[in-house]
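Model the structure of this input:
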Amino acid sequence: MATLLPNEEASAADLHGYRIFIFSHDHPHPPHVHVRKGKRFSSWELTPLRCVNRGSFSAWEIKIQSKILTEHLAAIWRSWNAHWERQNAAG
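The predicted structure is shown next:
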């Protein structure tokens, strides 16, 4: 599991307790991330941004996640691309 956010671009406070990550062994296409809080997580495709699995989050929590992802989408893409570039370089 590789954490994309929080990082130096978006603090834990900016993310309201959520963590945005990818599974390192997962496939990169379509581009997607997971949003975690506690033991729960949801799955989001990045293009277009949409929730594809809300897990056990309420509709209200999904709206909050959507707002966070939209606000930090550029930082997510930078981290996402850097991760997969490292993975590809490692072989």
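
can you pull out the strands in this structure?
For the chain, the strands defined by DSSP state E cover 2-5, 19-22, 32-37, 40-46, 49-53.

could you dump those to TSV with mean neighbour count, distance to Ala89 and mean pLDDT?
All C-beta atoms are positioned from the backbone trio N, CA, C, and that covers glycine. Shown next, in TSV, are those (neighbours: other Cβ atoms under 10 Å; distance: least, Cβ to Cβ, whole Å; pLDDT from 0 to 100):
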stretch	mean neighbour count	distance to Ala89	mean pLDDT
strand 2-5	19	14	93
strand 19-22	20	16	96
strand 32-37	20	21	97
strand 40-46	17	21	97
strand 49-53	13	27	98
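
list the buried ones in stretch 52-59?
For stretch 52-59, a neighbour-count test (16 or more other Cβ atoms under 10 Å) marks Arg54, Gly55, Phe57 as buried.

Give me the distance from that stretch to the chain's centre.
14 Å (Cα atoms, centre = their mean, to the nearest Å).

would you turn the buried residues of stretch 52-59 into TSV with distance to Thr70?
Output for the buried residues of stretch 52-59, formatted as TSV (distance: Cβ to Cβ, whole Å):
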residue	distance to Thr70
Arg54	16
Gly55	19
Phe57	16
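
would you turn the residues you listed into CSV with distance to Pro28 and pLDDT?
Converted to CSV, those look like this (distance: Cβ to Cβ, whole Å; pLDDT from 0 to 100):
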residue, distance to Pro28, pLDDT
Arg54, 22, 98
Gly55, 21, 97
Phe57, 24, 98
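
Nothing else from me, thank you.
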